[in-house]
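**Student:** I'll drop the sequence and a predicted model, then ask my questions.
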Amino acid sequence: MKVAIMGSGGVGGYFGARLAQAGEEVTFIARGEHLAAIRHHGLAVSSIEGDVTLDPARATDDPAEVGSVDAVIVAVKAWQVREAAETIRPMVGPRTLVLPLENGVEAADTLASVLGEAPVLDGLCGILAWREGPGCIRHAGVSPFVRLGTRHPGQEDGARQLRDALDRAPGVSAEMPDDIQAAVWSKFLFICAMSGIGAVTRAPIGVTRTLPETRSLTERLLAEIEAVARARGVALPEDAVTRALQFIDALPAESTASMQRDIMAGRPSELEAQNGAVVRLGREAGVSTPVNAMIHAALLPQDRAARGDGAAG
């Protein structure tokens, strides 16, 4: 398959490298020092599933150079999705599929609002990875997986082809769940709770899941997210919260969420797509979300300051 990776950080860099390792024609959309490093030295992935270096690697900052592809994997931050949708237009042809791998539950709708429904799939991934430096990706936890699903019947053949390509790639498992919305919200459960508690405490998961006070707060975050999902008609498994806690408990003790790392570094974060989305979607569904609202309010000044919209402290 001819695949473009929009957003070549931890998520996009890892899955794109594995697809290329498996023989797919992969182009990375990157910029700045990261793009320069990939062009000159290739893309290096250090991984608990086995290291890989692509040298040479296809990379550009101009999607028009790439032209129409079979699939675009969108792996930018949740707040960058609308801009990314506009950027990838030159690569989206009549048979192209666009797979979002963002945290949150609204990326596919945002992509469809810009590109139309025809190319957009629903999707999610699981991985603990980040860009360690220009041209370098580190995968430190979670056995990487991708889940994808169609939004209309005409996408089925292409979606299966993309799933199979991902599943053939070393260090990746991929599947098409019967209920992709339940899968998306199941992932959102743990990542939103982990992101919120980590960002407000500045502590790694090994601390927040062990300390009784922060574990209790995490459980209350999870309960609110579950209530919003069910009010919106999402058929979460009965044990969804238990599974989310089990996933949190299985992570390496030093793990931190990307939203937490962004908040701590003073960068714009996915706050509005995570805890902020729970509050907003809960309000629309008539569900009270006081713990998520507290997390959102506590972190909002720092997120606004990172965007130049106000001062923190």
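**Tutor:** Good, I have the coordinates.

**Student:** At the geometric centre of the protein, which residue do we find?
**Tutor:** Centroid check for the chain by C-alpha atoms, centre = their mean gives residue 102 as the closest residue, at 2.7 Å.

**Student:** which residues sit in contact with that residue?
**Tutor:** By C-beta atoms under 8 Å, 6 or more residues apart in numbering, residue 102 lies in contact with 74, 75, 76, 77, 78, 81, 270, 273. Every residue, glycine included, has its C-beta placed from N, CA and C.

**Student:** separation between the fifth one and residue 237?
**Tutor:** It stands for residue 78. 24 Å (C-beta to C-beta, to the nearest Å).

**Student:** again with the third one
**Tutor:** Residue 76 sits 29 Å away from residue 237, going by C-beta to C-beta.

**Student:** Between those two, point out the one with more neighbours.
**Tutor:** When residue 76 and residue 237 are compared for neighbours, residue 76 comes out ahead with 23 against 11, by other C-beta atoms under 10 Å.

**Student:** Show me this structure divided up by domain.
**Tutor:** Domain ranges of the chain: 2-176, 181-306, per automatic domain parsing.

**Student:** could those domains be laid out in TSV, adding mean pLDDT?
**Tutor:** Shown next, in TSV, are those (pLDDT from 0 to 100):
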stretch	mean pLDDT
domain 2-176	97
domain 181-306	97
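
**Student:** And the helices in the stretch 201-313 of the chain?
**Tutor:** Assigned by DSSP state H, counting those that start in this stretch, the stretch 201-313 of the chain shows helices spanning 205-208, 212-231, 240-250, 258-264, 275-285, 290-306.

**Student:** for those, which one sits closest to residue 55?
**Tutor:** Shortest distance between residue 55 and the helices of the stretch 201-313 of the chain, using C-beta to C-beta, is found for helix 258-264: 26.5 Å.

**Student:** tell me which of the contacts of residue 102 is nearest to residue 68?
**Tutor:** When the contacts of residue 102 are compared against residue 68 (criterion: C-beta to C-beta), the nearest one is residue 74, at 15.9 Å.

**Student:** Give the buried residues for stretch 252-271.
**Tutor:** Buried residues in stretch 252-271, counted by 16 or more other C-beta atoms under 10 Å: 255, 256, 257, 258, 259, 260, 262, 263, 268, 269, 270, 271.
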